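Asker: sequence first, predicted model second:
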Amino acid sequence: MNDSTDRYRITGTLGSPYSMKLRAIMRYRHLPLSFIMRTPRNRAETAHVKPNLVPMLQYPGETEYRVDSTPLAYALEARHPGQRSIIPDDPGMAFLSHLLEDMADEWLTKAMFHYRWFYDADIDYASHWIADDGFPDERGEARDAAAKSFADRQIGRMPIVGCTPENRAVIEDTFHSVLALLESRVSVYDFLFGSRPALADFGIFGQLKTLATDPTPMAIMRAKAMKTESWVRQLDDASGIDGDWLNSDDDLPDATLGLLALAGEYYLPFLLANAAAVEKGEATFAVTYDKGPYSQGTFSYQVKCLGDLRQRLADLSGDAAERTRAILQTAGCLEALEQ
């Protein structure tokens, strides 16, 4: 139960990129919160929540649980307008930020899941630190058993979310490309849409926060993107960072344009293929990229993601719409979003 009348309450886990994303957003926005680790001690309290996924957010003085980090971020914008917003003032940049956050949530997350459950060192490390967090009352063999049980369940889910050996080249190329692009831009005072963090920054942060913890991707980040790893640490609590948005007529940073091009190369073809397969009633779909093949089972949620992106673009008007469509055209994103 939520016994606080003046603080938000997040129930989540440190191994959840979406829990880390929401917590970082709320820290940056100076919203009072308590972060509660989900463990067997409180799991019954949230067993009724649908879908039963973390993070779960309770508003101050309320007992209802709300889920899904992106709608929660927008709901907090509505509840606290103008308070260190993470939505760029320019509607066109706000759309582009949303597109990059959506790519992080639905595509970059495959790199997070792949690295965690593909390599032996990561399986061993991640399963035990997740068990340490999630089952703190277990000891010795019982803790080891909890770690193995969790790892087995997650490894069994890998084909469902597309994390297969056949898809490895595409997924790992995504991770390396994101790191290379961010390394050219980010710092404690430099973000994708100005000198303050946007929703896009927090979406990417959530996935990288996890990747920067597990052994294999952490080693890659430290070898190839040390500044980006520092940025991940900094953005975890950006409550002391102030800054400004880019002006509507400013050029976007090369890193931002590169990430949009990555969306055009990987994410939007993925969404299109999934939507086409769902429409035909097919259980799986496949895409062929320059780096190799990619295939997985269909997901209806990602059909909604595509529809939402198209609606948000259609809602733009005037100069913002013209500028945004020109950027999307250059990035190879426009055709998919205007079908």
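Answerer: That came through, no problem. Note that the coordinates shown come from a computational prediction; the quantities given were computed from them, not determined experimentally.
Asker: was I right to think T228 contacts E183?
Answerer: Yes - with contact defined as Cβ atoms under 8 Å, T228 counts as touching E183 (5.1 Å). C-betas here are computed from N, CA, C, even on glycine.
Asker: shared neighbours of these two, anything?
Answerer: Here T228 and E183 have no joint contacts, going by Cβ atoms under 8 Å, 6 or more residues apart in numbering.
Asker: the more surrounded of these two?
Answerer: Each of T228 and E183 has its neighbours counted (other Cβ atoms under 10 Å); T228 has more, 24 against 17.
Asker: output the below-cut-off pLDDT ranges for this structure.
Answerer: 1-4 (pLDDT under 70).
Asker: what sits against the residue nearest the centre of it?
Answerer: Nearest to the geometric centre of the chain sits D105, at 3.4 Å (Cα atoms, centre = their mean). Each residue near D105 by Cβ under 8 Å, 6+ apart is listed here: Y18, S69, T70, G203, G206.
Asker: so how far is R153 from the closest residue to M158 other than its chain neighbours?
Answerer: With sequence-adjacent residues excluded and distances taken as Cβ to Cβ, 6 or more residues apart in numbering, M158 is closest to W117, at 5.8 Å. Using Cβ to Cβ, to the nearest Å, W117 is found at 10 Å from R153.
Asker: more neighbours: which of the two?
Answerer: W117 (22 against 11).
Asker: which stretches in the stretch 101-250 of the chain count as strands?
Answerer: Here the stretch 101-250 of the chain has no strands by DSSP state E, counting those that start in this stretch.
Asker: list the contacts of D315.
Answerer: D315 neighbours (Cβ under 8 Å, 6+ apart): none.
Asker: give me phi/psi at it?
Answerer: phi -80, psi -10 (degrees, to the nearest 10).
Asker: ok, now how distant is the residue nearest to W107 when sequence neighbours are not counted from K110?
Answerer: In this structure, W107 finds its nearest non-sequential neighbour in Y267, 4.5 Å apart by Cβ to Cβ, 6+ apart. With distances taken as Cβ to Cβ, Y267 is found 10 Å from K110.
Asker: and the two? Which one has more around it.
Answerer: The neighbour comparison of Y267 against K110 (other Cβ under 10 Å) goes to Y267, with 27 against 24.
Asker: tell me how the chain divides into domains.
Answerer: 8-79, 91-116+163-338, 118-157 (automatic domain parsing).
Asker: in JSON lines: these, plus distance to S85.
Answerer: Formatted as JSON lines, these follow (distance: least, Cβ to Cβ, whole Å):
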{"stretch": "domain 8-79", "distance to S85": "6"}
{"stretch": "domain 91-116+163-338", "distance to S85": "9"}
{"stretch": "domain 118-157", "distance to S85": "31"}
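Asker: contacts only, for F191.
Answerer: F191 neighbours (Cβ under 8 Å, 6+ apart): R185, P197, A198, D201, G243.
Asker: of those residues, just say which sits nearest to A145.
Answerer: Nearest to A145 among these is D201, at 38.5 Å by Cβ to Cβ.
Asker: ok, D120 - how many residues close by?
Answerer: 9.
Asker: from G15, how far out is it?
Answerer: 18 Å.
Asker: which phi and psi does E265 have?
Answerer: Per degrees, to the nearest 10, the backbone of E265 is at phi -80, psi -40.
Asker: distance of it relative to M221?
Answerer: With Cβ to Cβ as the criterion, E265 and M221 are 21 Å apart.
Asker: tell me which of those two has more neighbours.
Answerer: Using other Cβ under 10 Å, the more surrounded residue of E265 and M221 is M221, with 22 against 19.
Asker: give the contact list for that one.
Answerer: L179, L208, L211, A212, T228, E229, V232.
Asker: what do you get if the cut-off is 7 Å, keeping everything else the same?
Answerer: M221 makes contacts with L179, L211, A212, T228, E229, as judged by Cβ atoms under 7 Å, 6 or more residues apart in numbering.
Asker: what do you get for V161?
Answerer: K110, F113, Q296.
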